[in-house]
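Participant: just need the structure, nothing else, for what follows:
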Amino acid sequence: QVQLVESGGGLVQAGGSLRLSCTASGRTVSSYSMGWFRQAPGKEREFVAAINWSGRTTYITDSVKGRFTISRDNAKNTVYLQMNSLKPEDTAVYYCAVDLRVWGTPSRTFEAYEVWGQGTQVTVSS
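Facilitator: Below you'll find the predicted structure:
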């Protein structure tokens with residue numbers, strides 16, 4: 001059973017940067033797509049970014065394109081979300097998730113992901 005743990009969240013001023021990490025344990029995730037989602041208070045969980053098993057295919061939602069980058073290090077069983085030029089509207093709990101279809105195409109929908117981390121809070125002050 002795979003487990004995911006996010007880290008790297010915190011409080012940052014607008015314009016600042018954070019790098020989130022999501023490390024898997026229990027089994028290797030090198031054959032699976034990984035995704036990042038976020039949920040702000042009173043809002044639905046929304047897709048942020050996804051990456052396929054090799055790292056060659058990535059999707060970024062339009063609202064963060066050009067500011068956020070997703071990457072992975074399969075040797076470390078870890079996926080990253082580099083967030084630059086942060087805005088107050090980026091404030092949310094950020095979750096990583098794994099899609100357990102082997103060598104699948106990354107999905108933008110949360111229903112595709114079977115295992116989720118506990119989330120890490122990102123707060124951007126104006």
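Participant: wouldn't Ile51 be in contact with Ser71 here?
Facilitator: Yes: the criterion here is C-beta atoms under 8 Å, and Ile51 meets it with Ser71 at 7.0 Å. In short, each C-beta sits where N, CA and C put it, glycine included.
Participant: any common contacting residues for those two?
Facilitator: Listed as contacting both Ile51 and Ser71 by C-beta atoms under 8 Å, 6 or more residues apart in numbering are Thr58, Val79.
Participant: higher neighbour count, those two?
Facilitator: Ile51 (24 against 14; other C-beta atoms under 10 Å).
Participant: what pairs with the more buried one across the strands?
Facilitator: Beta-bridge partners for Ile51, by DSSP bridges, are Met34, Thr58.
Participant: so which residues of the chain form strands?
Facilitator: 3-7, 10-13, 18-25, 33-39, 46-51, 58-60, 68-73, 78-83, 92-99, 115-116, 120-125 (DSSP state E).
Participant: among those strands, which is nearest Thr105?
Facilitator: strand 33-39 (7.0 Å; C-beta to C-beta).
Participant: quick one: mean pLDDT for the closest one?
Facilitator: Across strand 33-39, pLDDT averages out at 98.
Participant: got the buried residues for that strand?
Facilitator: Ser33, Met34, Gly35, Trp36, Phe37, Arg38 (16 or more other C-beta atoms under 10 Å).
Participant: that'll do, ta.
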